[in-house]
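1. This is the structure alone, sequence omitted:
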């Protein structure tokens, strides 16, 4: 009996030592973070998501009282990196820098089922803001306002055309939402060569208008070659530009947003710590200034508001995609 007790005692001691050697075996949410927090960017270095994450990382580290690193896992239009975070341990040490591409366009338009569910597999932490998209015409265009352009489009269905960077892009969906909500039939002209080709086509009079990111259009606007008629949000460099929301067309307010997500089963206490850190990081005047210089409109939304925005935007874009024949 004594020998059995000794064996049992030794077994308990061995297991206790083994558990103590496992990092975080007895860690509590109150101890978070006990090691570096990794922000995974699902696109390559130099992307807007990368720059945004690096701008915020120092402030996040200060608020969390730990190290914050930025890493990359590009591919699949952002879906490979997003899938990696969805499948990671839900402990708050790996979070995703997500976008409209990873959580709406990719999952909706992918011909194959995405390797993750954008709703069920993630816990939204915070929306940081977005880069606005703008509708523009040549400076020599007869249309001085968005209302003038729409008035002509309604009276002349199929006569006007609009360039974007391609089928299924945010710009394409904005155009389809304009047609669907205002009863116009503006023809879509995709330019796979990118925003430069779209701008050149507008300047050359080959198409009537274009839609692209504000940061890409602003240089030509400042040079007096292009004219902005409306945007998905305020354009800091061209403050007089009206927005779709102001024109009672909120559905078309599809900017390129950036937000942060944790794996779905991350403890609530950890999610709250991350959310508080992001809230303070975004409100830091220095960070705010750096982001605005990127052409980024800072607009912090906490988890609940962010989730509601995701749901509404997904429904709106799905409806527009079906109307345009992009989604079956």
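-> Looks like it arrived, so ask away. Being a predicted model, the structure only gives us computed values, none of them experimental.
2. now the strands for this structure?
-> Along the chain, counting by DSSP state E, strands occupy 37-41, 68-72, 94-99, 122-131, 133-138, 161-164, 187-190, 209-213, 226-231, 256-263, 297-302.
3. In a markdown table, list those along with mean neighbour count.
-> Where you see a C-beta, it was placed from the backbone N, CA and C, and this is true even at glycine. Shown next, in a markdown table, are these (neighbours: other C-beta atoms under 10 Å):
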| stretch | mean neighbour count |
| --- | --- |
| strand 37-41 | 22 |
| strand 68-72 | 17 |
| strand 94-99 | 26 |
| strand 122-131 | 24 |
| strand 133-138 | 26 |
| strand 161-164 | 23 |
| strand 187-190 | 16 |
| strand 209-213 | 26 |
| strand 226-231 | 23 |
| strand 256-263 | 25 |
| strand 297-302 | 18 |
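4. doesn't residue 119 make contact with residue 107?
-> No: with contact taken as C-beta atoms under 8 Å, residue 107 and residue 119 are classed as non-touching, separated by 9.0 Å.
5. how about a markdown table for the strands of the chain, with mean pLDDT and distance to residue 275 added?
-> As requested, the strands of the chain are exported to a markdown table (pLDDT from 0 to 100; distance: least, C-beta to C-beta, whole Å):
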| stretch | mean pLDDT | distance to residue 275 |
| --- | --- | --- |
| strand 37-41 | 98 | 13 |
| strand 68-72 | 97 | 15 |
| strand 94-99 | 97 | 11 |
| strand 122-131 | 96 | 5 |
| strand 133-138 | 97 | 27 |
| strand 161-164 | 96 | 35 |
| strand 187-190 | 96 | 38 |
| strand 209-213 | 95 | 28 |
| strand 226-231 | 97 | 28 |
| strand 256-263 | 96 | 9 |
| strand 297-302 | 94 | 6 |
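6. May I see those arranged in TSV, with distance to residue 79 as well?
-> Output for the strands of the chain, formatted as TSV (distance: least, C-beta to C-beta, whole Å):
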stretch	distance to residue 79
strand 37-41	13
strand 68-72	14
strand 94-99	11
strand 122-131	13
strand 133-138	22
strand 161-164	22
strand 187-190	22
strand 209-213	21
strand 226-231	28
strand 256-263	13
strand 297-302	23
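7. Can you name the residues that contact residue 293?
-> Neighbour list for residue 293: empty [criterion: C-beta atoms under 8 Å, 6 or more residues apart in numbering].
8. 10 Å instead, please
-> The neighbours of residue 293, taking C-beta atoms under 10 Å, 6 or more residues apart in numbering as the test, are 55, 236.
9. Give me the pLDDT for it.
-> Here the pLDDT value assigned to residue 293 is 85.
10. and what of residue 31?
-> We have a pLDDT of 88 for residue 31.
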